[in-house]
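Asks: Task: produce atomic coordinates for the following.
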Amino acid sequence: MLDTFKETLGVSANSKCLVDGQWVASMDQNVFQVTNPATQLTLASVPDFQVADAERAVSAAEKGFQIWRQYSAKKRSQILYRWYEKLIEYKRPLAELMTAEQGKPLTESEGEVEYGAAYIQWFAEESKRINGDIIPPQNHQQRILVTKEPVGVCVAVTPWNFPIAMITRKAAAALAAGCSMVIKPAEATPLSALAVCKLALDAGVPDGVLNVITTSDPKTVVKYLCDHKSVKKISFTGSTAVGKSLMQQSAGTLKKLSLELGGNAPFIVMDDADIEAAVRGAMASKFRNAGQTCVCANRFLIHRNVIDEFSEKLAHSLDAFTVGVGTKEGVDQGPLINEQAVSKVESHIEDAVAQGGRILRGGSRHELGGTFFQPTIIVDGKASMKINHEETFGPVALLIPIDSAEEAIEIANDTDFGLAAYAYTQNLANAMTFSHELEYGMVGINEGVISNEMAPFGGIKESGMGREGSSYGIEDYLNIKYTLLGGL
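Replies: Here you go, the predicted model:
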């Protein structure tokens with residue numbers, strides 16, 4: 001697999017980052033290790049960039065921006081479309097690389113490559129639709145013109161759970177708008193970032209427009225980028241705590257911000273729901289990527305009249321679930337990303353059991369050892385349990401009985417988060433009530449997977465600000481300019 005990676009990347013997998021179109025080591029030659037969470041074996045070493053190295057990347061992005069912004073929208077579109085085609089061409093090796101460093105099953109990794117590529121394809125098309133306005137003037141001797149211009153150098157700080165899609169969702173929008181970008185991928189999954197951006201170079205993206213820096217000291221390096229006057233926008237996907245910190249650090253230069261932060265998604269099932277469909281949606285929403293997604297269902301609010309049926313069918317679905325190394329055929333769930341993730345899952349289960357929760361399936365580490373964990377169902381849930389208030393980020397489903405739509409909405413909204421919510425009902429009035437009353441940026445009605453390149457992805461409250469994907473996703477990479485033409 002790593003041989004394929006080296007061939008795709010075009011350089012050694014060890015000790016190189018992408019800056020100004022070149023593969024470079026850190027100035028002090030220091031590196032850190034990237035390991036496979038399923039085997040704990042070292043995959044590669046990558047440069048341990050510090051502030052001076054990050055300055056090289058920003059300088060390269062400044063030069064790249066001056067070149068890229070002059071490209072016509074059509075030319076940018078053509079290059080982005082070639083980048084999309086490269087990802088599809090290399091889908092299998094990219095998926096193998098992702099599974100090795102992140103742990104998700106190979107089928108999920110291939111799905112993410114396609115999902116990530118779809119954002120590039122979408123924004124290749126959107127780059128030609130950055131339209132302005134002509135506004136009626138105060139008098140016939142004037143014209144009011146409104147144009148949109150790229151903001152400049154952008155920084156993307158991306159997470160480990162979707163190491164390709166979270167890059168393409170940001171970078172494709174930035175490049176479509178005419179911006180350049182410095183990408184700081186998660187320490188656990190930098191190889192996917194390097195590979196996908198090498199394919200961007202192969203597609204014709206000019207040197208300096210996309211730069212990838214890796215570091216084991218993200219706090220220091222990202223703070224430097226937040227302080228840097230040449231950086232005009234920060235896009236971050238990750239925890240709410242880190243998002244708040246980046247917002248504070250960026251205040252001195254009033255940068256544009258896109259923050260896609262933590263979630264605490266409710267999954268509501270009413271007594272008139274199609275239970276089979278609800279179980280399928282629950283499996284897709286909760287256990288995809290071992291529950292390590294920001295939009296996965298975190299607590300299940302199930303009508304008392306159907307909770308026994310729902311729990312029985314959900315448990316039956318888990319009985320056919322296979323946990324294992326993601327490269328093996330038929331595996332449904334890989335390992336959690338690290339020991340800290342396992343500890344959080346265990347603490348949430350212990351709290352639920354202490355408050356009267358009953359483990360219906362799973363509940364402990366998997367016999368495979370390491371960070372593998374059994375997919376878990378807990379019944380007799382209460383609104384006071386930790387899982388109802390904290391994001392678990394693991395394969396645990398807590399089932400809480402409810403008696404009405406009003407009760408479900410009250411419990412669902414009793415959180416500081418507002419990213420995604422799900423509701424299953426065949427009652428149109430209930431569906432419209434959930435759409436209107438749930439305090440979330442995204443609501444899935446009778447659907448367990450809601451993200452796609454055509455829809456605006458993002459949350460409200462402490463789940464962040466801004467939107468990614470869709471026609472709205474390019475706006476945060478643009479400045480609006482008003483020009484008054486007089487004396488006509």
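
Asks: Any stretches of the stretch 201-350 of the chain with poor pLDDT?
Replies: Across the stretch 201-350 of the chain, nothing is flagged by pLDDT under 70.

Asks: in it, which spans are strands?
Replies: Counting by DSSP state E, counting those that start in this stretch, one finds strands in the stretch 201-350 of the chain at the ranges 210-212, 231-237, 256-260, 265-269, 297-303.

Asks: Tell me which of those lies nearest to Ala429.
Replies: Closest to Ala429 of the strands of the stretch 201-350 of the chain, according to Cβ to Cβ: strand 265-269, at 14.3 Å. Where C-beta positions appear, they are placed from N, C-alpha and C, glycine not excepted.

Asks: got the angle for the closest one vs strand 297-303?
Replies: Calculated by axes from the mean of the first three to the mean of the last three Cα atoms, to 10 degrees, strand 265-269 forms an angle of 20 degrees with strand 297-303.

Asks: neighbouring strands for strand 265-269, and are they parallel or not?
Replies: Strand 265-269 has its sheet partners listed here by DSSP bridges as strand 297-303 (parallel), strand 420-424 (parallel).

Asks: Please state the offset of that strand from the chain centre?
Replies: 20 Å (Cα atoms, centre = their mean, to the nearest Å).

Asks: CA atoms only: put that strand into PDB for me.
Replies: What follows is strand 265-269 as a C-alpha-only set of coordinates in PDB (Å, rounded to 0.1, in the frame of the first residue of the first chain):
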ATOM      1  CA  ALA A 265     -27.200  15.000  17.300                       C
ATOM      2  CA  PRO A 266     -30.600  13.700  18.400                       C
ATOM      3  CA  PHE A 267     -32.300  10.900  16.500                       C
ATOM      4  CA  ILE A 268     -36.000  11.000  17.100                       C
ATOM      5  CA  VAL A 269     -38.300   8.100  16.200                       C
END
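
Asks: ok, back up a step: as a markdown table, the strands of the stretch 201-350 of the chain with distance to Thr220 would be great.
Replies: Converted to a markdown table, the strands of the stretch 201-350 of the chain look like this (distance: least, Cβ to Cβ, whole Å):
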| stretch | distance to Thr220 |
| --- | --- |
| strand 210-212 | 18 |
| strand 231-237 | 15 |
| strand 256-260 | 20 |
| strand 265-269 | 33 |
| strand 297-303 | 32 |
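
Asks: okay if I get those as JSON lines plus mean neighbour count and distance to Leu484?
Replies: Shown next, in JSON lines, are those (neighbours: other Cβ atoms under 10 Å; distance: least, Cβ to Cβ, whole Å):
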{"stretch": "strand 210-212", "mean neighbour count": "29", "distance to Leu484": "36"}
{"stretch": "strand 231-237", "mean neighbour count": "25", "distance to Leu484": "25"}
{"stretch": "strand 256-260", "mean neighbour count": "22", "distance to Leu484": "24"}
{"stretch": "strand 265-269", "mean neighbour count": "28", "distance to Leu484": "47"}
{"stretch": "strand 297-303", "mean neighbour count": "28", "distance to Leu484": "50"}
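
Asks: Which residues are in contact with Ser435?
Replies: When contacts are counted by Cβ atoms under 8 Å, 6 or more residues apart in numbering, Ser435 is found next to Val443, Ile445.

Asks: Which SSE is immediately downstream of the longest helix seen in the chain?
Replies: If you go by DSSP state H, the chain has its longest helix at helix 106-126. Moving toward the C-terminus from helix 106-126, the next helix or strand (DSSP states H and E) is strand 133-135.

Asks: Neighbouring strands - and their directions - for that next one?
Replies: strand 143-150 (antiparallel).

Asks: could you give the angle of the strand it pairs with to strand 231-237?
Replies: Going by the same axes, to 10 degrees, strand 143-150 makes 60 degrees with strand 231-237.

Asks: list the buried ones in strand 143-150?
Replies: Residues Lys148, Pro150 are the ones in strand 143-150 that count as buried (16 or more other Cβ atoms under 10 Å).

Asks: so the following helix or strand past that strand versus strand 231-237, what angle?
Replies: Once strand 143-150 ends, the next helix or strand along the chain (criterion: DSSP H and E) is strand 153-157. Using the same axes, to 10 degrees, the inter-axis angle of strand 153-157 relative to strand 231-237 is 20 degrees.

Asks: Distance to Lys128 added to the strands paired with strand 265-269, as CSV?
Replies: Output for these, formatted as CSV (distance: least, Cβ to Cβ, whole Å):
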stretch, distance to Lys128
strand 297-303, 37
strand 420-424, 30
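
Asks: Distance of the residue most central in space within the chain relative to Ile88?
Replies: The centroid of the chain falls nearest to Met166 when counting by Cα atoms, centre = their mean (4.4 Å). To Ile88, Met166 is 18 Å away according to Cβ to Cβ, to the nearest Å.

Asks: Ok, Trp68 next?
Replies: 23 Å.

Asks: Which of those two has more residues huddled nearby?
Replies: Between Trp68 and Ile88, counted using other Cβ atoms under 10 Å, the more crowded position is Trp68 (25 against 14).

Asks: send the alpha carbons of the one helix or strand Ile480 maps to over as PDB?
Replies: In this structure, Ile480 sits in strand 478-485 according to DSSP H and E. Output in PDB follows, covering the C-alpha atoms of strand 478-485 (Å, rounded to 0.1, in the frame of the first residue of the first chain):
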ATOM      1  CA  LEU A 478     -15.200  36.100  -1.400                       C
ATOM      2  CA  ASN A 479     -15.200  39.800  -0.600                       C
ATOM      3  CA  ILE A 480     -18.000  42.000  -1.900                       C
ATOM      4  CA  LYS A 481     -17.000  45.200  -3.600                       C
ATOM      5  CA  TYR A 482     -19.400  48.100  -4.400                       C
ATOM      6  CA  THR A 483     -18.300  50.500  -7.100                       C
ATOM      7  CA  LEU A 484     -20.300  53.700  -7.800                       C
ATOM      8  CA  LEU A 485     -19.700  55.000 -11.400                       C
END
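
Asks: Could you pull out the buried residues of it?
Replies: Leu478.

Asks: ok, and what's touching it?
Replies: 130, 137, 142-151, 177.

Asks: Likewise for stretch 80-94?
Replies: 1, 4-5, 7-8, 109-110, 113-114, 116-118, 120-121, 123-124, 127, 164, 168, 172, 175-176, 192, 195-196, 199-200, 202-205.

Asks: Pull out the buried residues from the residues you listed.
Replies: Buried, going by 16+ other Cβ under 10 Å: 5, 8, 109-110, 113, 116-118, 120-121, 123-124, 127, 164, 168, 172, 175-176, 192, 195-196, 199-200, 203, 205, out of the contacts of stretch 80-94.

Asks: Could you say which one of the strands paired with strand 265-269 comes nearest to Val24?
Replies: Nearest to Val24, of the strands paired with strand 265-269 and by Cβ to Cβ, is strand 420-424 at 38.8 Å.

Asks: Show me how far that closest one is from its chain's centre.
Replies: That offset, for strand 420-424, works out to 19 Å (Cα atoms, centre = their mean).

Asks: Next, the angle from whichever helix or strand comes after that strand to strand 420-424.
Replies: As assigned by DSSP H and E, the chain's next helix or strand after strand 420-424 is helix 428-437. Interaxial angle, helix 428-437 versus strand 420-424 (the same axes, to 10 degrees): 170 degrees.
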